[in-house]
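Participant: how would this look folded up:
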Amino acid sequence: MEQSTPQSSRRRFFKLAGLTTAAAGLGTLAFGALAHGRRGARGPIDPAKMEQHLDRMLKHMYVEIDASDAQKQKLDPIVKQAAKELAPLRDKVREARREGIKLLSADNIDRGAIERFRAQQIGATDAASRRFTQALADVAEVLTPEQRRKLAASAGRRGHGRGGMLFG
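Facilitator: Numbering: from 1, shown residues only. Prediction:
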């Protein structure tokens, strides 16, 4: 087994920190786009409005991290495709909440149905998490370590005062 030197441990730490930074930045973009609009808004997300919102968010991010034209061309499709694929989850989450309330407020509690519902929700959450993480890694590969640090600092400032949340 290979011995871990202080330098290789530090290198691993900075790689992980860079990926985490990119994750925070993409999380801010993707969930901000999904949450765009009135809080508690009903119905599906208007794709044109989501596209406009993503464009505005990306422009702000590009200025903040001083993105090159080549990086912009790579990042746009990564972020927009991930947001497009994750957008239907908004309605699914709303429907799952209704289903859970219905199961727990029934005259007779069906533990088997509740467990099946829980397992189904874990599967859906895992699939979304996998897609989100894929997009985060794709974004991280495009950005430089310095850009990832800038994005992390920005996400930290935005999340201040909101219970640590990065979104919104």
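
Participant: right, and the helix or strand after the helix or strand hosting residue 117?
Facilitator: Residue 117 is located in helix 111-142, with elements delineated by DSSP states H and E. The element immediately downstream of helix 111-142 (helix or strand, assigned by DSSP H and E) is helix 145-159.

Participant: average pLDDT across that following helix?
Facilitator: In this model, helix 145-159 has an average pLDDT of 82.

Participant: Equivalent analysis for stretch 53-71, please.
Facilitator: 92.

Participant: any idea whether residue 77 is helix, strand or coil?
Facilitator: helix (DSSP: H, G, I helix; E, B strand; the rest coil).

Participant: Residue 56 versus that one, what's the distance?
Facilitator: 17 Å (Cβ to Cβ, to the nearest Å). C-betas here are computed from N, CA, C, even on glycine.

Participant: The two - which one has more neighbours?
Facilitator: Set residue 77 next to residue 56 and count neighbours by other Cβ atoms under 10 Å: residue 56 wins out with 13 against 10.

Participant: Does anything pack onto the strand or helix carrying residue 100? Which helices or strands?
Facilitator: With secondary structure defined by DSSP H and E, residue 100 is part of helix 89-105. The contact analysis (3 or more Cβ pairs under 8 Å, 6 or more residues apart in numbering; DSSP states H and E) places helix 89-105 against helix 111-142.
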